[in-house]
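Peer 1: Got a predicted structure here, sequence first:
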Amino acid sequence: MIHANIATATLFSATSGSSVATAATVASVATPQAERLGYDPKLFSGAIAAGGTLGIMIPPSINLIVYGFLTETSIPQLFLAGLTPGFVLA
C-alpha cells in the first residue's frame, strides 16, 4: 500500500503541480485504509510526506513557474530539468 501511495502521489503531483494539494488528497483517501489494514501510522505518514514533496519537482510545478518568472529563466527548461529527478525520487 505504501508503494501505491507513492505512485498515486507521483501521478497527482504531475497533474496538480502542488505539494500541499497532493499530500492532503492522498492522505485523506489513504489514511483510513492504512489504519484499517494495521500499518504503522508513523511509517505511513512519512510515505505521504515523501510523496507530497514530489509536487515541487514534477512538472507542471507551481514553484518552478514562479521561480522561472522571478529569475527570468526559461520555464520549459526548468520543467525538463525537474522531470528526471522527480521520477527518480518517485
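Peer 2: Alright, I've got the coordinates.
Peer 1: counting contacts, what elements does the helix or strand of the chain at the bottom of the mean pLDDT ranking pack onto?
Peer 2: When each helix and strand of the chain is scored by mean pLDDT, DSSP states H and E, helix 54-57 comes last, with a mean of 77. Under the contact criterion of 3 or more C-beta pairs under 8 Å, 6 or more residues apart in numbering; DSSP states H and E, helix 54-57 touches helix 2-16, helix 19-37, helix 75-89. Where C-beta positions appear, they are placed from N, C-alpha and C, glycine not excepted.
Peer 1: So which of those helices is the most surrounded?
Peer 2: Ranked by mean neighbour count under mean count of other C-beta atoms under 10 Å, the helices and strands packed on helix 54-57 are led by helix 2-16, which reaches a mean of 18.
Peer 1: That helix versus helix 75-89: what angle between them?
Peer 2: Using axes from the mean of the first three to the mean of the last three C-alpha atoms, to 10 degrees, the inter-axis angle of helix 2-16 relative to helix 75-89 is 170 degrees.
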